[in-house]
Every structure is written in structure tokens, then in C-alpha cells.
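> Got a predicted model here, sequence first, then my questions.
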Amino acid sequence: MIRLILYLCVVSSAFSYNLPLNAGRQGDRMVVVDSNNDRVKLACVNWYGAHMEDMVVNGLDRQPMDFISAKIAELGFNCIRLVFALDTYYKNPIIRSERLSANPELIGMRAMEIFDATVKSLTDHGLIVILNNHISTAGWCCSFDDGEGLWFTEEYPVEMWEDCLTQLAARYVDNPMVAGFDLRNEVRPAHGVAAEWGNGGETDFALACEKTGNMILEVNPGMLIIVEGILSAGNLIGALIKKPELSNPDKLVYSGHIYPTSPIISDLPYDLFKMTMHTMQTFVADAGYNYSAPYWMGEFGTGSDPNNEKWDHIYQFLLETDHDWGYWSIDGYKYPDENEAGYGILNSNYSDVKDPWKMEQLRSIMPILDDHEP
């Protein structure tokens, strides 16, 4: 109980909300709310690396972990989408020391020990953590020919996916700042098999999320259950006919992704872009329907060119619609020996902001912008 009070005090002093989070209604919009029924706008950033071959978050060779967590909070983000692979959990190797050179106290630790330390560092700095199973076999994601498009693979059958997510939810049950679970990243075809929504079979992603979401809620009732659309998180239309039925319906949040490189939609004029985004993804947040639940744009991002009309459309959309979001990503590099990550907020030193113009835009969409009254 003392630990819970401490966490709530951190949250209250930094961002003024009280856990746990739930789905709620504000005017004509479904939104995420706290235990006082006050809206909490998720203004998140992704931190990756734990889903890749070395199975550890990037940047620990450049800065102390607490420095990076403090920098994220200082920039104004209130949450982190923390991605991992099933390999991270099941293989759990000792992390190579060169990936930890700025954090010598972590040298000799296994992947999940460092993942635990990352979670603690983030939440100690007042940041909500949303876990995300990004991939099964560790590596960069995503393509249509990597064999990782479904939530199960030959190496990791569905039962292992369910068990990993349930075990991680239980692992952090005493830390209410670990407030959500994004069940699987960018579901798409694998080996010629497409994910479906609502067909009742083994490729029914909505049904898989319903079952696994309820397993998670059994061991961690406070968690939001975040369900992405199919077609690489681009299509939530199936929610019109099948809403994942959770034991606590107020825990459901939908998620979608969009990039300037997203096929077809990114090429549309803004009015058509906005209409298509609503038709394909954000309609789920319209209140008063059988499918209604909050929407979170869990990934979007752009490079260093400030004159990108396709990025401008995404930014304008979030400015006008006031949806929750998670920028991809904080990271200053993809691999340590490569050039800086194109979409990253930080330089490869994990200290300085690479593109101040972009950070200025993101700060402008962090606050609640609309009461969504009709």
C-alpha cells in the first residue's frame, strides 16, 4: 500500500492524475480517464531496442538509464510505449557489456532484469509505461515477408504468446504506472496467411485479443488492454461487427498507426486524408455505439525534413482531433554502429534534441485541446 501511495504521489505531482486508467466519455468522444474520471491524454514516445537482436533498450551505451528517463519526462511526454520480443522474455540472455557501457551497474544482467530496471526507471520518473509485444523472434520490424505478421509463429505458438503477456502483466501488478498492454504490433499477413477480424477462427485477431486481454485482466485488473487494427495497424473497421468482449469493458482501447510512407492514404489531400483516417481508424472513439472505445495513435513519425506535406497532414490531424498518440521514437540510433535514426527525437548521444521544430510541434499536441462537446 505504501508503494502504491508513492507512485500515485509521483503521478499527481508530475502530471496530475490518479491511477488506474480506464475508458470514459468526454462529450461525443471516448477518451482515457483516471480514477477521478478526469481525462488523461496519452502523449507518449516509443523507446525501442528490447525487441531487437541484443534485447536491450537503445542508448544505455551513451547515457545512464535514469538520465534518459529524466530527459523523456523533461521533454513533456507522459508515457512510454516500451516494446519487446517474445525472445526477450523466453531466451533472456545476458546482455553484451558494450551495450551497457554508460550503465556499468547493469553489466552481467540478463535481458529481463534490465527490462525490469528500465520499467522502474521510467515509472520512478512519473512516466506511464505501456508494454508492447512488437515481434516474436528478436529483430527489426516490420515487413510483409518477415514471417512475423501474426501473433503466433512456428517457434512461438499462440499459447506461448498468451503465457508471455500474462506473465509480464503479473510481473508488474504492483507497479500501477505500468498501466497498459498493447497486445501485438502491426498484425499483417505471414507466410501467405492473413489476419482476420471476427471470423471466429485461429486467425481472428479480435478473438485472440479478447481471450488474452481477459487473461491479463485476471492477473492485473488495472491494465488497459490495447488492440491494434489489422493491416499493419491501419484498419479497425472490423470493430463495427466485433468488439473484443473484455471482462471489464472499460479497459479496452483501440490503436492505429500512420506514417508519411503509409500506402495510399498518405498521398491523399488533407480533407480526404482526415475522412479516411476516421473511416479506417478513429471512428472507434465516437461515443454511443456498440464498438465505442478510446483511440490511441500508437505509432507515427517523420524524418528531419520540416517541409513534408504528408507529415503535415498527420500533425494537423492530431492538432484538430485531439487524439492520444505515441511518437516513433525517442531513439538516437537504430543500431549503435549506424548513423542516427531518421525519425528519432534525440541525437545519437541520447542527450540533445535532433530536430527542435519537430519537438515544438509535438509539444503543441501534448495538452488536452478539446472538450469534444457536440
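Yep, it's here. Quick caveat: nothing in here was measured; it's all calculated off a predicted structure.
> Could you pull out the buried residues of the helix or strand that contains His278?
His278 is part of helix 270-280, with elements assigned from DSSP states H and E. Residues 273-274, 277-278, 280 are the ones in helix 270-280 that count as buried (16 or more other C-beta atoms under 10 Å). The C-beta positions use only the backbone N, C-alpha and C, and glycine is treated the same way.
> likewise stretch 283-291?
In terms of neighbour count (16+ other C-beta under 10 Å), stretch 283-291 has its buried residues at 283-285, 287, 291.
> what sits up against it?
Among residues not part of stretch 283-291, those counted as contacts by C-beta atoms under 8 Å, 6 or more residues apart in numbering are 25, 27-31, 236, 239-240, 243, 254, 292-295, 323.
> How confident was the prediction at Asn18?
You'll see Asn18 listed with a pLDDT of 94.
> does it count as helix, strand or coil?
coil (DSSP: H, G, I helix; E, B strand; the rest coil).
> Let me know how buried it is, in neighbour terms.
Other residues lying near Asn18 total 14 when counted by other C-beta atoms under 10 Å.
> Wait, a helix at Met297?
No - judged by three-state DSSP, Met297 forms no part of a helix; its state is strand.
> Just give the number of residues close to it.
In terms of burial, Met297 registers 24 neighbours under the definition other C-beta under 10 Å.
> Please tell me how far it sits from Phe181.
Computed with C-beta to C-beta, to the nearest Å, the distance linking Met297 and Phe181 is 17 Å.
> Name the helix or strand of the protein that has the lowest mean pLDDT.
When each helix and strand of the chain is scored by mean pLDDT, DSSP states H and E, helix 2-15 comes last, with a mean of 40.
> Name the surrounding residues that touch the helix or strand just after that one.
Toward the C-terminus, helix 2-15 is succeeded by strand 22-26 as the next helix or strand (DSSP H and E). By C-beta under 8 Å, 6+ apart, the surrounding residues in contact with strand 22-26 are 30-35, 37, 39, 224, 249-253, 287, 293-294, 371-372.
> Filter those residues down to just the buried residues.
Among those, those classed as buried by 16+ other C-beta under 10 Å are 30-34, 39, 224, 251-253, 287, 293-294, 372.
> now the residues you listed as a markdown table including distance to Asn199?
As requested, those are arranged in a markdown table below (distance: C-beta to C-beta, whole Å):
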| residue | distance to Asn199 |
| --- | --- |
| Met30 | 25 |
| Val31 | 30 |
| Val32 | 29 |
| Val33 | 33 |
| Asp34 | 36 |
| Arg39 | 35 |
| Leu224 | 25 |
| Lys251 | 24 |
| Leu252 | 20 |
| Val253 | 23 |
| Ala287 | 27 |
| Ala293 | 21 |
| Pro294 | 25 |
| His372 | 33 |
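> about what we covered before: between the helix holding His278 and strand 295-299, how many degrees?
110 degrees (axes from the mean of the first three to the mean of the last three C-alpha atoms, to 10 degrees).
> Nearest residue to Gly59 in space, please, no chain neighbours.
Take Gly59 and drop its neighbours on the chain: the residue closest to it by C-beta to C-beta, 6 or more residues apart in numbering is Tyr350, 4.0 Å away.
> Pull the number of nearby residues for the one you found.
Other residues near Tyr350 come to 23 when the count uses other C-beta under 10 Å.
> what's the distance between it and Asp61?
For Tyr350, the distance to Asp61 - C-beta to C-beta - is 9 Å.
> Same check on Trp197?
Using C-beta to C-beta, one gets 41 Å for the distance from Trp197 to Asp61.
> For these two, work out which one has more neighbours and name it.
Higher neighbour count among Trp197 and Asp61: Trp197, with 24 against 17, using other C-beta under 10 Å.
> is it true that that one touches Thr203?
No - contact status for Trp197 versus Thr203: not in contact, 9.4 Å apart, counting by C-beta atoms under 8 Å.
> CA-only coordinates of the helix holding His278 in CSV, if you can.
Listed in CSV are the C-alpha atoms of helix 270-280, where the atom choice follows Å, rounded to 0.1, in the frame of the first residue of the first chain:
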residue,chain,number,x,y,z
TYR,A,270,-5.8,16.6,-46.4
ASP,A,271,-9.6,16.6,-46.3
LEU,A,272,-9.7,13.1,-47.8
PHE,A,273,-6.9,12.0,-45.5
LYS,A,274,-8.8,13.2,-42.5
MET,A,275,-12.0,11.5,-43.7
THR,A,276,-10.2,8.2,-44.5
MET,A,277,-8.4,8.2,-41.1
HIS,A,278,-11.8,8.5,-39.4
THR,A,279,-13.3,5.8,-41.6
MET,A,280,-10.5,3.3,-41.2
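> outside of it, which residues touch it?
Under the criterion C-beta under 8 Å, 6+ apart, residues 229, 234-237, 256, 258, 265-266, 268, 313, 316-317, 320-321 lie in contact with helix 270-280.
> Helices of the chain, residue ranges please.
If DSSP state H is used as the criterion, the helices of the chain fall at 2-15, 65-74, 86-90, 111-124, 158-171, 205-219, 230-233, 270-280, 309-321, 356-364.
> Stretch 131-145: end-to-end distance?
25 Å (C-alpha to C-alpha, to the nearest Å).
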